[in-house]
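[1] how does the following fold in three dimensions:
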Amino acid sequence: MDGLLLEGLPGMPRRLQIVRGEQRALVVPNATTARLLADLVSGLGEPPTDAIIKASGSVRLVPAEGGLLPHLTVLGNVVHGHTVTHRVTRRAAAVESQVTATRCGLEDVLDCYPHEITAGRRRLAGVARALRAHPAAIVLEDAAGLPTWGSLLQFDNPELWFPALLLITTDPARTKGFQHAD
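    So this is what the prediction gives:
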């Protein structure tokens with residue numbers, strides 16, 4: 001299995017497999033279930049004893065607001081995501097992170113702080129940060145009132161072809177660009 005396999009988790013189909021490079025959306029009944037699933041899949045919560053969560057590598061969570069550190073610039077946040085998971089020099093991490101951030105459409109806000117950019121850009125910076133960890137899967141948390149993930153992500157970005165993407169939302173209208181997980 002190359003990607004993410006989920007079985008027996010509350011609020012989702014009995015079995016869900018997402019291969020690397022695939023984008024799937026899971027529509028759940030309420031925000032509490034969405035948060036619980038996001039935590040379980042990303043390893044932040046303890047799954048039920050009969051549940052199966054398998055990934056071919058690490059799983060990164062991108063919170064609805066992006067999950068950025070407020071005291072770091074956009075580039076600093078992306079570099080931080082890179083240096084905590086890889087043993088590279090800060091200079092090499094900065095170069096690689098700048099490429100990732102540019103591919104995510106953030107080239108004009110690299111020196112800005114999270115409070116200085118739009119919610120959509122914060123979400124994209126969170127994805128760029130997650131991508132630098134080279135995860136097997138990325139879990140995208142969704143929230144009403146924010147731009148949809150499908151409207152933000154550039155699916156022709158080659159870095160998005162490697163992880164499995166799982167969008168967890170409560171609204172089926174916010175899943176454009178993602179295949180439904182039934």
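
[2] pLDDT at residue 86, what is it?
    Per-residue pLDDT puts residue 86 at 62.

[3] now the strands for the protein?
    Assigned by DSSP state E, the strands in the chain fall at 3-7, 15-19, 23-27, 52-55, 59-62, 137-141, 164-169, 179-180.

[4] so which residues make contact with the shortest one?
    The set of residues external to strand 179-180 that reach it, using Cβ atoms under 8 Å, 6 or more residues apart in numbering, is 22-25, 27, 172. Where C-beta positions appear, they are placed from N, C-alpha and C, glycine not excepted.

[5] in CSV: those, plus pLDDT.
    Output for these, formatted as CSV (pLDDT from 0 to 100):
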residue, pLDDT
22, 93
23, 94
24, 94
25, 94
27, 93
172, 95
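
[6] of these, just the buried ones, ChimeraX syntax please.
    Typed into ChimeraX, the next command selects the buried ones out of the contacts of strand 179-180 (criterion: 16 or more other Cβ atoms under 10 Å):
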select :22,23,24,25,27
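
[7] next, count neighbours for residue 144.
    12 (other Cβ atoms under 10 Å).

[8] the bottom helix or strand of this protein by mean pLDDT?
    Sorting the helices and strands of the chain by mean pLDDT, DSSP states H and E puts helix 74-83 at the bottom, at a mean of 83.

[9] pLDDT below threshold where in this protein?
    1, 81-86, 182 (pLDDT under 70).

[10] let's see that with 90 instead.
    The chain contains residues with pLDDT under 90 at 1-3, 8-15, 45, 48-49, 80-97, 99, 133-134, 154-161, 179-182.

[11] hey, C-alpha coordinates of the least confident helix or strand of the chain in PDB?
    Taking Å, rounded to 0.1, in the frame of the first residue of the first chain, the C-alpha atoms of helix 74-83 are listed here in PDB:
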ATOM      1  CA  VAL A  74       5.600  32.600   5.200                       C
ATOM      2  CA  LEU A  75       9.000  31.400   4.100                       C
ATOM      3  CA  GLY A  76      10.100  30.900   7.700                       C
ATOM      4  CA  ASN A  77       7.100  28.700   8.300                       C
ATOM      5  CA  VAL A  78       7.800  26.600   5.200                       C
ATOM      6  CA  VAL A  79      11.500  26.300   6.100                       C
ATOM      7  CA  HIS A  80      10.500  25.300   9.700                       C
ATOM      8  CA  GLY A  81       8.400  22.500   8.200                       C
ATOM      9  CA  HIS A  82      11.400  21.300   6.300                       C
ATOM     10  CA  THR A  83      14.100  21.600   8.900                       C
END
